[in-house]
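Undergrad: Mind folding the following:
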Amino acid sequence: MNTSDLKADLINRISQLKEKRMMEEIQKLLDFELNENEYILTESQKERIAEAQAEYKNSAYLTENKANQDIEEWLGEK
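TA: Numbers count the residues shown, from 1 in each chain. Here you go, the predicted structure:
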């Protein structure tokens with residue numbers, strides 16, 4: 001499917017939507033992609049980002065190799 005076919009298909013499908021919630025979600029996605037509106041984080045999202053930054057600063061994270069090793073051990077593959 002080329003770009004213009006894809007656009008036409010999306011337009012057609014969106015025009016058939018009846019749920020306002022779905023249209024709002026599509027609008028949010030488009031606004032984010034087109035950078036027309038600033039994405040606003042909730043307080044819990046801001047808190048979690050701050051926690052993750054603190055964990056990273058304190059080296060409280062797993063490397064990919066360590067995470068894979070732990071998973072293999074949990075699955076009993078070793």
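Undergrad: Which of the helices or strands spans Lys7?
TA: Using DSSP states H and E, Lys7 sits within helix 3-15.
Undergrad: Toward the C-terminus, what is the element adjacent to that helix?
TA: Toward the C-terminus from helix 3-15 - assigned by DSSP H and E - lies helix 20-34.
Undergrad: Check the average confidence over that next one, would you?
TA: Mean pLDDT, computed over helix 20-34, is 88.
Undergrad: could you dump that helix to PDB, C-alpha only?
TA: Extracted in PDB, the C-alpha atoms of helix 20-34 (Å, rounded to 0.1, in the frame of the first residue of the first chain):
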ATOM      1  CA  LYS A  20     -15.400  10.200  20.600                       C
ATOM      2  CA  ARG A  21     -12.800   8.600  22.900                       C
ATOM      3  CA  MET A  22     -11.100   6.900  19.900                       C
ATOM      4  CA  MET A  23     -11.100  10.100  17.900                       C
ATOM      5  CA  GLU A  24      -9.500  12.000  20.800                       C
ATOM      6  CA  GLU A  25      -6.800   9.300  21.100                       C
ATOM      7  CA  ILE A  26      -6.000   9.600  17.400                       C
ATOM      8  CA  GLN A  27      -5.900  13.400  17.700                       C
ATOM      9  CA  LYS A  28      -3.500  13.100  20.600                       C
ATOM     10  CA  LEU A  29      -1.200  10.800  18.600                       C
ATOM     11  CA  LEU A  30      -1.300  13.100  15.600                       C
ATOM     12  CA  ASP A  31      -0.700  16.200  17.800                       C
ATOM     13  CA  PHE A  32       2.300  14.400  19.400                       C
ATOM     14  CA  GLU A  33       3.700  13.300  16.100                       C
ATOM     15  CA  LEU A  34       3.300  16.700  14.500                       C
END
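Undergrad: list the buried ones in it?
TA: Across helix 20-34, burial judged by 16 or more other C-beta atoms under 10 Å covers no residue at all. For glycine as for every other residue, the C-beta is placed from the backbone atoms N, C-alpha and C.
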